[in-house]
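**Q** 3D model of this:
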Amino acid sequence: MFLIYCLVCIGLKKSAERFEKISSDDILRLNGDFQLIRVGDEIFVTDVKALERNLGFNELIFREASTTIESIDSLEPLEDIQVLKDSAEEVSFARKLSKVKKTSPIFANNIPKEVIVEFTKTNPGLKGAFKYSDDGLAIRLDTKKSKEAFIKLLNGSFLRSELTNEYYEARAKDNIPHS
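**A** Predicted structure coming up:
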């Protein structure tokens, strides 16, 4: 049968700390529906949110978001890091933060705080998105919009074309290897 309930299709169940092998007689149901489907060797997730809620994915997301916040704090671009910490208690924002550390060109290239703050003041896509500390050396996040813009900033989403000199906000950025 191709429709297998939840993790039985891959033979795992959640234990106190991690996943463990279960026998084919055991069935683990999270609700009356199925969350995974196996067709041949392929496994398809039909309800990611149910898996996140019931199998500890949210805790993983919060942990990764916390790691990202620590990395942001070490750069010191923000006037008050607590604003991010408070927002990271919401799973949707924590999910965005959890992805930043691994994908951010700012972290990968060790961009200094001064360059980050100056960029936010001069890039047309970010002008007016932030307020700044009294000395102008740190970003103040005081609205949901400013927090979202900060996440985009960390993801390197504000670009300028060398050909047209136009500014863009880009979601997907595929690196082009240069020889």
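
**Q** how is this protein carved up into domains?
**A** Taking automatic domain parsing as the criterion, the chain consists of the domains 6-54, 89-169.

**Q** wait, which of these is closest to residue 75?
**A** Taking CB to CB as the criterion, residue 75 comes closest to domain 89-169 out of the domains of the chain, the separation being 5.4 Å. Just so you know, the C-beta spots here come from the backbone N, C-alpha and C atoms, and that holds for glycine as well.

**Q** average model confidence for the closest one?
**A** Per-region confidence: domain 89-169 scores 93 on mean pLDDT.

**Q** and the domains of the chain as TSV, adding distance to residue 68 and mean neighbour count?
**A** Formatted as TSV, the entries for those read as follows, by distance: least, CB to CB, whole Å; neighbours: other CB atoms under 10 Å:
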stretch	distance to residue 68	mean neighbour count
domain 6-54	18	13
domain 89-169	4	15
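
**Q** Could you export the ones you listed to JSON lines, including columns for distance to residue 61?
**A** JSON lines is the format used below for the domains of the chain (distance: least, CB to CB, whole Å):
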{"stretch": "domain 6-54", "distance to residue 61": "7"}
{"stretch": "domain 89-169", "distance to residue 61": "5"}
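
**Q** Of these, which is nearest residue 76?
**A** Set against residue 76 and scored by CB to CB, the domains of the chain come closest in domain 89-169, at 5.2 Å.

**Q** Now do that closest one: distance from first to last residue.
**A** Distances were taken as CA to CA, to the nearest Å; on that basis the terminal residues of domain 89-169 are 27 Å apart.

**Q** Residue 63: neighbouring residues, count only.
**A** When counting by other CB atoms under 10 Å, one arrives at 12 neighbours for residue 63.

**Q** Now do the SS call for it.
**A** helix (DSSP: H, G, I helix; E, B strand; the rest coil).
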